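**Q** take this sequence and fold it.
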Amino acid sequence: MNNTWILISNASRARLFAQPRKGKAWTMVQEFQHPESRLRGHEIMADRPGRTQQSSATGTRAGMEPTTPPKDVEAEHFAQQLADVLEEGHGRNAYTELVLVAPPQFLGLLRKSISAQVAKRVSASLDKDLTDVKEGELPERVADIH
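**A** Residues are numbered from 1 along each chain as shown. As a prediction, this is how the structure comes out:
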């Protein structure tokens, strides 16, 4: 099967399409939502353990301070969730080529999250957020790269 998967995503939403051959219509494979990525940092941390004060040679500092902002952690979780779906599809030979479309920072997270086998199937990528573009307009918007 010569099937291309096209992943249109950002840190909180993704749509996965399949295209059997170039020039043919896209069909929706799956849609994903990750509302946690839209929350503000303090909203994400609201149900997590609080800070504790620890003393140090230079005074006090907040213990349990996250090293990565919570919003970035949620984006990483979503990228990994999408990478798992792409890995599963690769395992059942659901696609031969993969096109990734996402804003620059999230595209980097996706690339970091996918396996080497899935990365070999990436035929093109576009660093733009097209998640709000209507489904019928997407093929035209990525025609230059795919």
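**Q** which phi and psi does the residue lying closest to Ala94 once chain neighbours are set aside have?
**A** Among residues not flanking Ala94 along the chain, Asn3 sits closest, at 6.6 Å (Cβ to Cβ, 6 or more residues apart in numbering). All C-beta atoms are positioned from the backbone trio N, CA, C, and that covers glycine. The phi and psi values for Asn3, taken as degrees, to the nearest 10, are phi -120, psi 140.
**Q** show me where pLDDT drops low in this structure?
**A** Low-confidence segments of the chain (pLDDT under 70): 1, 36-66.
**Q** top helix in it by residue count?
**A** Criterion DSSP state H: the longest helix present in the chain is helix 70-91.
**Q** following element in sequence after that helix, please.
**A** strand 97-101 (DSSP states H and E).
**Q** that following strand pairs with which strands, and in what direction?
**A** Strand 97-101 has the following sheet partners, assigned by DSSP bridges: strand 4-9 (parallel), strand 122-126 (parallel).
**Q** same for the helix or strand following it, what does it pack against?
**A** Next helix or strand after strand 97-101 toward the C-terminus (DSSP H and E): helix 104-113. With contacts taken as 3 or more Cβ pairs under 8 Å, 6 or more residues apart in numbering; DSSP states H and E, helix 104-113 sits against strand 4-9, helix 70-91, strand 97-101.
**Q** as JSON lines, these with distance to Ser125 and mean neighbour count would be great.
**A** What follows is those, written out as JSON lines (distance: least, Cβ to Cβ, whole Å; neighbours: other Cβ atoms under 10 Å):
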{"stretch": "strand 4-9", "distance to Ser125": "9", "mean neighbour count": "24"}
{"stretch": "helix 70-91", "distance to Ser125": "13", "mean neighbour count": "18"}
{"stretch": "strand 97-101", "distance to Ser125": "4", "mean neighbour count": "22"}
